[in-house]
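Visitor: Got a sequence here, can you model it:
(chains A and B)
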Amino acid sequence: MTSTITARRKQRDPRDRRSGLLTGLVWLGVAYFLLPLLWLTIASTKDNTDLFSTFGFFFGDEFNFFANLESLFAFRDGVFWRWTGNTILYAGVSAVGATALATAAGYAFAKFEFPGRRFIFSAVLGSIMIPATALALPTYLVFANLGLVNTPWAIIIPSIVSPFGVYLMRVYAADSVPDSLIEAARIDGASELRIFVSIGLRLMGPGMVTVFLFSLVGVWNNYFLPLIMLSSSDLYPLTVGLAQLQALSTGGGGSTAVFSTVIAGSFVSILPLVVAFLYLQRYWQSGLAAGSTKE
Amino acid sequence: MTTTSDRTVSRRGPSPQRRKLIITAYILITPFILVFIGMVIAPLLYAGFLSLFQTRLIGGEQFVGLANFGEALTDPLFLGGVARMSAFLLIQVPIMLGLSLFFALAIDSGRLRGGRFARLAIFVPFAVPGVVATMMWGYLYGDDFGPIAQGVRSLGLPAPDLLSSELMLFSMMNIVTWSFVGYNMIIMYAALRAIPTELYEAAELDGAGAVRIGWSIKIPAIRPAIMLTLIFSVIGSFQLFTEPRLLATIAPNVIGTAYSPNLYAYTLAFTFQDVNYAAAVAFLLGFVIMIISYVVQLSNARSGGRS
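Guide: Numbering: from 1, shown residues only, chains lettered A, B, ... in the order given. All right, here's what the predicted structure looks like:
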């Protein structure tokens, strides 16, 4: 190899541009983000005694993962299953609803001129700044008057409003659905709704996956709204259920719930979302790329 | 808009074609708008209405105007919570966004090993519910059994009590930082990927170093994305609820019922059954956040965000 070639390769080959210092710093960060999850994984295999007597990042004397699961699922006749089912129901229905509403509205804002477009869009954009929890309390009061508290609707209906989703879908539709394609379909005589369904929806896929996943996480992880809306434990999602289990454990007093059960429950509860994010990353990352470049 | 196109539109009037487009647009936005009015506008109006009343022992529900707001603005419990959240905001948000920006730039530069894995690993905590993250860190913080204290003690040093009143706010900052660095990083990273590469390839040929390109080209180019994360972070940090409420079960003497304004509003509504005052506090909290968000946006626009 001559020196000119190596010099040119220095410009082109990314392997030569790698920085040890940068790699070290970033991997230090990776350790910070992953160590707690490693701890949770290891802790979910310990029984209650080992949990408090052995070093956090090392396995206990016995492998108790399945025993912990058993006690978790046996807790109050399997109420953990119910919480899981509730969470899937609330998060799933809300995320589908939020995505559908945001996609239709975002497409309309991006592709049609109509009276009131500017005003309505700025109202939606402004509402992003209203904190969800400041809104949750008023919503609770409205729902209490309507007799809707302590029903699944109290979680689902407020959660299908996603102003950020509308914003993201508007930007995404503007970028990914070419006007020329819409024009061509119009000339072919397709109706506007048909164009939306057969062309728009297909091209907006990655944007929709992004809105879906972020709404899913929002509802799946929400604690405040279900805490104030629901009073019967059979309707709880995992977050409220786990927090209650945790409070029982801390409260002691010979209660059935123990820390090992709570930890196993926490471990199990985070798996679905982590898997969904990793599995769908290709789609949601390209969906987010469009939304994050516009002001 | 040119005058010719305006004239052609007005001459045609609302042609059947154009009317069809408007109707389609309304069909598409109506479902969202209905829920939006029902779940955002109506609750806000209702809370505003409720906040103008007080329930008195004698006379029952009475119109009191802005008295609840006046009370909240002089209520040491509410103000204490706002002050605590302001400290939280001023310390935690710059650290979190700084880290997010650093990771986004580092991974985007392609100068590190395993960048793809690092990106996902840093993002994963976002998928962990606040409840689980708080419990987890609660155990990790534990004074006698937590691995942090165990580790420090094994070095022969006295372990800090991370759940004491002095350190609690910082312990919460750590939980929030852990949860959201990845989320903000992903938004910034996605924006970095969307920058046309010619923009900095030219600078590179001119001899600009990686740091210089990052500072002078990449960061200005993703300014809108950074703004977005900043606004979300302002909104998020003032809403603190899950962390104080759950850590209160481990450290009840450190975290009172008004530790954050949100926790206070919750306590007012559900423990003291004072919905009128709770509505005023929630309203005021939302108002404070909106003002801060607007100030942030204005200062951004003024300092040349539209270059």
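
Visitor: Pull out the buried positions in stretch A:29-45.
Guide: A:29-30, A:32-34, A:36-37, A:39-40, A:42-45 (16 or more other Cβ atoms under 10 Å in any protein chain shown). Every C-beta, even on glycine, is put in place using the N, C-alpha and C of the backbone.

Visitor: Helices - which of those land there?
Guide: Among these, the members falling in helices (DSSP state H) are A:29-30, A:32-34, A:36-37, A:39-40, A:42-43.

Visitor: For chain A, what is the nearest residue in the stretch 101-250 of chain B?
Guide: Here the residue of the stretch 101-250 of chain B nearest chain A is B:Pro147; by Cβ to the nearest Cβ that distance is 3.0 Å.

Visitor: close enough to count as contact, that residue and B:Leu140?
Guide: Yes - judged on Cβ atoms under 8 Å, B:Pro147 makes contact with B:Leu140 at a distance of 6.0 Å.

Visitor: which residues do these two both contact?
Guide: Shared contacts of B:Pro147 and B:Leu140, defined by Cβ atoms under 8 Å, 6 or more residues apart in numbering or on different chains, comprise A:39, A:56.

Visitor: Quick check: chain neighbours aside, which residue is closest to B:Ile255?
Guide: Closest residue to B:Ile255 apart from its sequence neighbours, by Cβ to Cβ, 6 or more residues apart in numbering or on different chains: B:Ala248 at 4.0 Å.

Visitor: Flag the shaky bits of the stretch 151-295 of chain A, pLDDT-wise.
Guide: Along the stretch 151-295 of chain A, the parts satisfying pLDDT under 70 run over A:251-257, A:290-295.

Visitor: One more pass at 80, please.
Guide: Scanning the stretch 151-295 of chain A for pLDDT under 80 picks out A:250-258, A:282, A:285-295.

Visitor: Strands of that one, start to end?
Guide: Remark: strands of the stretch 151-295 of chain A are absent; assignment by DSSP state E, counting those that start in this stretch.

Visitor: quick one, domains of chain A?
Guide: A:2-43, A:65-292 (automatic domain parsing).

Visitor: Tell me which of these sits most buried.
Guide: Stretch with highest mean neighbour count among the domains of chain A: domain A:65-292 (a mean of 20; mean count of other Cβ atoms under 10 Å in any protein chain shown).

Visitor: mind checking how far that one is from the chain centre?
Guide: Domain A:65-292 has its C-alpha centroid displaced from the chain centroid by 7 Å (Cα atoms, centre = their mean, to the nearest Å).

Visitor: What of stretch B:122-137?
Guide: On the basis of Cα atoms, centre = their mean, stretch B:122-137 is displaced by 16 Å from the centre of the chain it belongs to.

Visitor: close to chain A, is that stretch?
Guide: Yes - using Cβ under 8 Å from any Cβ of the partner chain, stretch B:122-137 reaches chain A at B:122-133, B:135-137.

Visitor: most neighbours, which of those?
Guide: Among these, the one with the most neighbours (other Cβ atoms under 10 Å in any protein chain shown) is B:Val132, at 31 neighbours.

Visitor: ok now do A:Ile270, which residues does it touch?
Guide: A:40, B:127-129, B:132 are the contacts of A:Ile270 under Cβ under 8 Å, 6+ apart.

Visitor: Turn those residues into a markdown table, including distance to B:Ala210 and secondary structure.
Guide: Formatted as a markdown table, these follow (distance: Cβ to Cβ, whole Å; DSSP: H, G, I helix; E, B strand; the rest coil):
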| residue | distance to B:Ala210 | secondary structure |
| --- | --- | --- |
| A:Leu40 | 36 | helix |
| B:Ala127 | 31 | helix |
| B:Val128 | 32 | coil |
| B:Pro129 | 37 | coil |
| B:Val132 | 37 | helix |
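
Visitor: for these, which one is nearest B:Ala203?
Guide: Closest approach between those and B:Ala203, by Cβ to Cβ: B:Ala127, at 36.2 Å.

Visitor: Residue 63: how many residues sit nearby?
Guide: Since no chain was named, I'll use chain A. A:Phe63, neighbours per other Cβ under 10 Å, totals 11.

Visitor: Correction: the question concerned chain B.
Guide: 8.

Visitor: Ramachandran angles for B:Gln62?
Guide: Main-chain dihedrals, B:Gln62, degrees, to the nearest 10: phi -130, psi 140.

Visitor: Roughly how far does A:Leu203 sit from chain B?
Guide: Counting by Cβ to the nearest Cβ, to the nearest Å, the separation of A:Leu203 from chain B is 15 Å.

Visitor: That residue: what's it in contact with?
Guide: Per Cβ under 8 Å, 6+ apart, neighbours of A:Leu203: A:176-177.

Visitor: Please go through the ones in helices among the buried residues of stretch A:29-45 and note which also touch chain B.
Guide: Among these, proximity to chain B is found for A:29-30, A:32-34, A:36-37, A:39-40, A:43 (Cβ under 8 Å from any Cβ).

Visitor: residues contacting the residue nearest in space to the middle of chain A?
Guide: Taking Cα atoms, centre = their mean, the centroid of chain A lies closest to A:Val217, which sits 1.7 Å from it. Neighbour list for A:Val217: A:273, A:277, B:126-127 [criterion: Cβ under 8 Å, 6+ apart].

Visitor: Repeat the analysis, applying 10 Å as the threshold.
Guide: By Cβ atoms under 10 Å, 6 or more residues apart in numbering or on different chains, the contact set of A:Val217 is A:91, A:95, A:273, A:276-277, B:126-129, B:183.

Visitor: ditto for A:Leu89
Guide: Contacts here follow Cβ under 10 Å, 6+ apart; on that basis A:Leu89 touches A:152, A:155-156, A:237.

Visitor: Those residues also near chain B: which ones?
Guide: When contact is defined as Cβ under 10 Å from any Cβ of the partner chain, the contacts of A:Leu89 meet chain B at A:Pro237.

Visitor: circling back: how far away is the residue of the stretch 101-250 of chain B closest to chain A from A:Ile42?
Guide: Between B:Pro147 and A:Ile42 the distance is 10 Å, computed by Cβ to Cβ, to the nearest Å.
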